[in-house]
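Undergrad: got a sequence here, can you model it:
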Amino acid sequence: MSHPADENVETKEMDGRSLSSNGQEPYVHKVGIPPKQSFFKEFLYTVKETFFSDDPLRPFKDQTKSRKFVLGIEAIFPILSWGRTYNLQKFRGDLIAGLTIASLCIPQDIGYSKLANLSPQYGLYSSFVPPLIYAVMGSSRDIAIGPVAVISLLLGTLLQNEIDPKTNPTEYRRLAFTATFFAGITQATLGIFRLGFLIDFLSHAAIVGFMGGAAITIALQQLKGFLGIEKFTRKTDVISVMHSVFSSAHHGWNWQTILIGATFLCFLLFAKHIGKKGQKYFWVPAIAPLVSVVLSTFFVYITRADKHGVAIVNHIEKGINPSSVKEIYFTGDYLAKGVRIGIVAGMIALTEAIAIGRTFASMKDYQVDGNKEMVALGAMNVVGSMTSCYVATGSFSRSAVNYMSGCETAVSNIVMSVVVFLTLQFITPLFKYTPNAILASIIICAVINLVDYKAAILIWKIDKFDFVACMGAFFGVVFASVEIGLLIAVSISFAKILLQVTRPRTAILGKIPRTTVYRNIQQYPEATSVPGVLIIRVDSAIYFSNSNYVKERILRWLMDEEERVKREYQTRIQFLIVEMSPVTDIDTSGIHALEELFRSLQKREVQLVLANPGPLVIDKLHTSNFANFLGEDKIFLTVAEAVAYCSPKLAEEP
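TA: Here you go, the predicted structure:
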């Protein structure tokens, strides 16, 4: 397998066997030792690269105090920066995009609130206040804010494990607001303290599997509304759901409900198919859900199908978001539960939003500040929790529609929010006769795209371990629960990191013919070994977690090579060269491992030689006195120079 270290240029100009001007002694380049840095400077550099790698203070350099104040305000509220150049042409694009995503979000919000076991109006509330906050503080031009299926299901599952939403709806709602508050606190904290790198520990493969499993679970949950089943399991695993579906087949299904759901599901899928014909048809799948709601509601109203067992939405609270500040648990038994659920929901919501924001930013070639995004998302959820909203984040389906509608800025979120406001004020009574079956059809149609089988196939082709993480998360969600699937996803992601850290790759190098370049013999079969010399490359930093493995793996390579040369009657191994260019760092355990390797090789009458240690490594080798212990004449700039050193020694052997 190829490695970045193979790209290090090691060409003929560095041939250690080139002679000096007198033609007698080979010229050997000394490995440079970097200037000694104080601990304080090293610590500051590490902190800067960890938390401030994007150099956020660069715009403030050489600015007046008043200008720095203005830049600081603009950093918190980006709308003040791009708002200065806003014009009527941009507003036209944002207006069309905002109206389009509003037509999509209204029916989705009503359905998603049911996933979260909340009344329909709470889904609409969550598409009114949070988008306004995000438009002022967010840095993405394309992301559309609101409730999403995965977070709604996650919240609904975790919350109902603590409180039954049917018997204690008030307490359940209060816990939902508490979880939303702490989800926002978690997101904002990560952004303020610039800890966004933590969300990168959840690998792309694990997210693909988790999202796919959640989509299957969400779709199965919709069978309750799609088939008109009244008594349905609270569990989310596929076995429990299917048992609940088929056990009620004889007496629990309603054929009128099935007819409505199936008809409009076919309509929605057909609209989605039309939308794929070309970008000019993007509006077809965008307005199809609202058209479906209007038509199905009208149909139920004129036929009074609700009198024949067709379940309907019934009453949706009219008016904008009421205050919920006093409903949040800041004390009591439910506080800890709200914090736990909020942290989980906040992290997942953050991961989804950042991924969506970066995706569309790359398509339009602009930068999204991850830490600003976290603060914006956190602020909108904290404010949302105080205005009767549950966790909102970036929606991929709505963001895609927003992008294709020609949005220019976050004003499209403001337009969507205004439409939702008008809906809450004037239109909600019209949704009374909306059948639950149509909401189920809309959700099923929306989550189908979350099952990204093409991505899973690509993951299988690229990295089998990633595929295990993907499938582990997928089956964990489908056959156990959302939280088990999430736990598996995180566990496997961390396991992969630990495996890569504790078991780094090593490779035997050979000489490419007619060059002085040494490369992995598995990647370059034409590369030849040097008689009497074994060259091994270590492809990782050497730390306490892998130092013993690295030492033992090098010795195993040596034993295998000794057995080979003995069978083939070749020159026995007398030199072991360790190519250290990929070794970015080494700690005390790593140096002890090198000392033990040196002693083991001495017993075998094999000399240890090092090639191209980096600045941190060579500094620590000298500081620990290992360079003197080994001999500074056995540390070389290139593998070629190390081989040139070994070759005369071999020639001297009888």
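
Undergrad: distance from the chain centre to stretch 450-457, please.
TA: Relative to its chain's centre, stretch 450-457 lies at 15 Å (C-alpha atoms, centre = their mean, to the nearest Å).

Undergrad: for the nearest residue to residue 594 once chain neighbours are set aside, give me the pLDDT.
TA: When the adjacent residues along the chain are set aside, residue 594 lies closest to residue 626, with 6.2 Å between them (C-beta to C-beta, 6 or more residues apart in numbering). No exception for glycine: its C-beta is placed from N, CA and C like everyone else's. On pLDDT, residue 626 comes in at 95.

Undergrad: again with residue 2
TA: pLDDT, read off for residue 2, is 43.

Undergrad: cool, residue 366 as well?
TA: Listed pLDDT for residue 366 reads 88.

Undergrad: for the stretch 101-250 of the chain, just list every one of the helices.
TA: For the stretch 101-250 of the chain, applying DSSP state H, counting those that start in this stretch gives helices covering 120-125, 129-137, 149-160, 169-192, 204-221, 223-227, 238-247.

Undergrad: now render these as JSON lines, adding distance to residue 285 and mean neighbour count.
TA: Formatted as JSON lines, these follow (distance: least, C-beta to C-beta, whole Å; neighbours: other C-beta atoms under 10 Å):
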{"stretch": "helix 120-125", "distance to residue 285": "20", "mean neighbour count": "26"}
{"stretch": "helix 129-137", "distance to residue 285": "21", "mean neighbour count": "25"}
{"stretch": "helix 149-160", "distance to residue 285": "16", "mean neighbour count": "25"}
{"stretch": "helix 169-192", "distance to residue 285": "29", "mean neighbour count": "23"}
{"stretch": "helix 204-221", "distance to residue 285": "17", "mean neighbour count": "25"}
{"stretch": "helix 223-227", "distance to residue 285": "19", "mean neighbour count": "22"}
{"stretch": "helix 238-247", "distance to residue 285": "27", "mean neighbour count": "15"}
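
Undergrad: out of the ones you listed, which gets nearest to residue 489?
TA: Closest to residue 489 of the helices of the stretch 101-250 of the chain, according to C-beta to C-beta: helix 204-221, at 3.7 Å.

Undergrad: against residue 280, how distant is the nearest residue to residue 396 once chain neighbours are set aside?
TA: Among residues not flanking residue 396 along the chain, residue 356 sits closest, at 5.4 Å (C-beta to C-beta, 6+ apart). Distance, residue 356 to residue 280, by C-beta to C-beta, to the nearest Å: 23 Å.

Undergrad: same deal with residue 218?
TA: If you measure residue 218 against residue 280 using C-beta to C-beta, the figure is 30 Å.

Undergrad: which pLDDT value belongs to residue 414?
TA: Per the predicted model, pLDDT is 97 at residue 414.

Undergrad: for the one 4 residues further on, same thing?
TA: In this prediction, residue 418 carries a pLDDT score of 97.

Undergrad: which SSE is the closest residue to it other than its chain neighbours in?
TA: Once flanking residues are discounted, residue 418 sits nearest to residue 98: 7.6 Å by C-beta to C-beta, 6+ apart. Using DSSP states H and E, the element containing residue 98 is helix 88-115.

Undergrad: taking helix 204-221 as reference, get the angle to that helix.
TA: Calculated by axes from the mean of the first three to the mean of the last three C-alpha atoms, to 10 degrees, helix 88-115 forms an angle of 60 degrees with helix 204-221.

Undergrad: helix 88-115 - what's its average pLDDT?
TA: 94.

Undergrad: that one packs against which elements?
TA: In terms of contacts (3 or more C-beta pairs under 8 Å, 6 or more residues apart in numbering; DSSP states H and E), helix 88-115 is packed against helix 120-125, strand 144-146, helix 149-160, helix 283-303, helix 396-404, helix 411-422, helix 436-447.

Undergrad: any idea how far residue 648 lies from residue 575?
TA: 11 Å.

Undergrad: swap in residue 289?
TA: Distance, residue 289 to residue 575, by C-beta to C-beta: 71 Å.

Undergrad: can you give me the strands in this structure?
TA: For the chain, the strands defined by DSSP state E cover 144-146, 393-395, 506-511, 518-520, 533-538, 575-579, 607-611, 635-636.

Undergrad: quick one: closest of these to residue 235.
TA: strand 393-395 (25.2 Å).

Undergrad: can you count the residues close to the closest residue to residue 421 other than its chain neighbours?
TA: Closest residue to residue 421 apart from its sequence neighbours, by C-beta to C-beta, 6+ apart: residue 128 at 5.6 Å. Residue 128 has 25 neighbours, counted by other C-beta atoms under 10 Å.

Undergrad: one step back: more crowded one of residue 648 and residue 575?
TA: Taking other C-beta under 10 Å, residue 648 and residue 575 do not tie; residue 575 has more neighbours (22 against 10).

Undergrad: distance check, the residue nearest to that one when sequence neighbours are not counted against residue 608.
TA: Excluding its sequence neighbours, the residue lying closest to residue 575 (C-beta to C-beta, 6+ apart) is residue 646, at 4.3 Å. For residue 646, the distance to residue 608 (C-beta to C-beta) stands at 11 Å.
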